[in-house]
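>>> Quick one, what's the 3D model for this:
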Amino acid sequence: MRKHAIFITGASGEVGHALIRHLAGDGNNRLLTLDLKALPPDIAPLSTHIQGDMLDTNLLARLVSEYEIDTIYHLAALLSTRAEFSPEMAHQVNVEGMLTLLKLAAEQSQWRNQPIQFVFPSSIAIYGMPDLESKGLYNRVREFEWNQPRTMYGCNKIYGEMLGNYYSKHFRQLAAEAPVHIDFRCVRFPGLISAFTLPSGGTSDFGPEMLHAAAKGEPYACFVREDARIPFMTMPDAVRSLLLLSNAPVEKLTRRVYNVTSFSLSAGEIRDRVVAAFPDAQISFAPDLKRQAIIDSWPADLDDSAARRDWGWSPQHDVDTAFGEYLIPNIREGYAG
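Sure thing, here's the model as predicted:
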């Protein structure tokens, strides 16, 4: 008999690490994880980890022969900056990988005659404001507004959302018998800030890069203007939003894709909070016009009222607790001694 499992792709990233810890806390959950990288030693015992490629259909076929998958958290992705340098690879990983897993979920839903839940993190990168005037006028953008991404990563993510919507509503719509559709659920993240993972050069990483440079006593030249503004949330709140959406009763959901956010800050406002915590911080501004243009195309804030209404979303960290209780103390401790 196949073993029931929750399947997590991209498990070696920080969202994956935190998700594994939360889900493993329930002794009833069997976790099956997949990533090109191994899990760190402190997390490895919590799941059955497969080091491999999600595009390997033979590998996936072997996994579903051994496990009955109840929920998929599809976290694996080629992120924004790297996607701009390797757009074809980004399409292969972010779109073809998504399609492969949706097909798996659809097939398994038919086999068990019950929907598999498919949880997908999307991104603020799916938005594309045409100019700064529009960005100023449309301050809190709703899910269906300005869906005109200017990056490959944003294009991949919005297509992933559309594929998920198709597989959850319209898959095999011309078949003689209606199929069992998957249960697709998606959150659109703002910029994410972590106290524990080093920034990886992403487009929204100017905030965490300031913090880590200040804590290390290194000068930092910010690649966007002082007035550049986007929304943010902490990594713990990002993981919490995935879990809340996954646990929400399906009858409460009025859409498949939800904005989530916590606070909106400009680069200058982040600088002020960093300098207040690290008075010797040396922060300057040297905008990279190409990266600045991407930030300018993203909304200043997101309207997450649908998530608050439908499944009780609210962040545990506002801007003050994010910096005062989570980011600054933990980053400071990380570089102490």
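>>> use CA for all of it now, contacts and neighbours both
OK.
>>> tell me the secondary structure for residue 230?
strand (DSSP: H, G, I helix; E, B strand; the rest coil).
>>> which residue packs closest to it, ignoring adjacent ones?
Nearest residue to residue 230, sequence neighbours excluded (CA to CA, 6 or more residues apart in numbering): residue 300, at 4.4 Å.
>>> Please look at that neighbour and residue 134 and confirm they touch.
No: using CA atoms under 8 Å, residue 300 makes no contact with residue 134, being 10.2 Å away.
>>> Those two - which one has more neighbours?
Set residue 300 next to residue 134 and count neighbours by other CA atoms under 10 Å: residue 300 wins out with 26 against 13.
>>> Could you pull up the residues touching that one?
Residues near residue 300 by CA atoms under 8 Å, 6 or more residues apart in numbering: 135, 136, 139, 140, 229, 230, 231, 264.
>>> Burial check on the first one, number of neighbours?
The criterion is other CA under 10 Å. On that basis, residue 135 has 20 neighbouring residues.
>>> which strands and helices sit next to the helix or strand where it lies?
Secondary structure assigned from DSSP states H and E places residue 135 in helix 132-137. If contacts are counted by 3 or more CA pairs under 8 Å, 6 or more residues apart in numbering; DSSP states H and E, helix 132-137 sits against helix 289-297.
>>> Quick check: closest non-adjacent residue to residue 157.
For residue 157, ignoring the flanking residues on the chain, the nearest one in space by CA to CA, 6+ apart is residue 122 at 5.7 Å.
>>> Report whether the expected contact of the one you found with residue 185 is present.
No: checked against CA under 8 Å, the pair residue 122 and residue 185 is beyond contact range at 10.2 Å.
>>> sorry, back to before: would you pull up how far the helix holding residue 135 lies from the middle of the chain?
25 Å (CA atoms, centre = their mean, to the nearest Å).
>>> residues contacting the residue nearest to residue 266 when sequence neighbours are not counted?
Once flanking residues are discounted, residue 266 sits nearest to residue 229: 4.0 Å by CA to CA, 6+ apart. Residue 229 makes contact with 264, 265, 266, 267, 295, 296, 299, 300, according to CA under 8 Å, 6+ apart.
>>> ok, now with 6 Å
265, 266, 300 (CA atoms under 6 Å, 6 or more residues apart in numbering).
>>> Equivalent analysis for residue 311, please.
residue 248.
>>> which regions of this protein lie under the pLDDT threshold?
337 (pLDDT under 70).
>>> bridging residues for the spatially most central residue of it?
Nearest to the geometric centre of the chain sits residue 121, at 4.1 Å (CA atoms, centre = their mean). The partner list for residue 121 in beta bridges (DSSP bridges) reads residue 187.
>>> Quick check: it touching residue 187?
Yes: applying CA atoms under 6 Å as the test, residue 121 and residue 187 come out as touching, 5.1 Å apart.
>>> all strands in this protein, in order from the N-terminus.
For the chain, the strands defined by DSSP state E cover 3-9, 31-35, 48-51, 67-74, 117-123, 140-141, 183-189, 191-193, 220-222, 229-234, 257-259, 263-266, 283-285, 301-302.
>>> what would the ones you listed look like in JSON lines with distance to residue 151?
Output for the strands of the chain, formatted as JSON lines (distance: least, CA to CA, whole Å):
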{"stretch": "strand 3-9", "distance to residue 151": "23"}
{"stretch": "strand 31-35", "distance to residue 151": "24"}
{"stretch": "strand 48-51", "distance to residue 151": "29"}
{"stretch": "strand 67-74", "distance to residue 151": "20"}
{"stretch": "strand 117-123", "distance to residue 151": "11"}
{"stretch": "strand 140-141", "distance to residue 151": "18"}
{"stretch": "strand 183-189", "distance to residue 151": "15"}
{"stretch": "strand 191-193", "distance to residue 151": "15"}
{"stretch": "strand 220-222", "distance to residue 151": "21"}
{"stretch": "strand 229-234", "distance to residue 151": "16"}
{"stretch": "strand 257-259", "distance to residue 151": "19"}
{"stretch": "strand 263-266", "distance to residue 151": "21"}
{"stretch": "strand 283-285", "distance to residue 151": "23"}
{"stretch": "strand 301-302", "distance to residue 151": "19"}
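>>> Which of those sits closest to residue 149?
strand 117-123 (10.4 Å; CA to CA).
>>> ok and that closest one relative to strand 3-9, angle-wise?
With axes from the mean of the first three to the mean of the last three CA atoms, to 10 degrees defining the directions, strand 117-123 sits at 10 degrees from strand 3-9.
>>> Can you tell me what sits against strand 117-123?
For strand 117-123, contacts defined as CA under 6 Å, 6+ apart pick out 71, 72, 73, 74, 157, 183, 184, 185, 186, 187, 188, 189.
>>> Going through those residues, which ones are buried?
71, 72, 73, 74, 157, 183, 184, 185, 186, 187, 188, 189 (16 or more other CA atoms under 10 Å).
>>> just those residues now: which is nearest residue 28?
residue 71 (13.6 Å).
>>> Distance-wise, check the closest one relative to residue 310.
Separation of residue 71 from residue 310 (CA to CA, to the nearest Å): 20 Å.
>>> now swap in residue 108 and tell me
28 Å.
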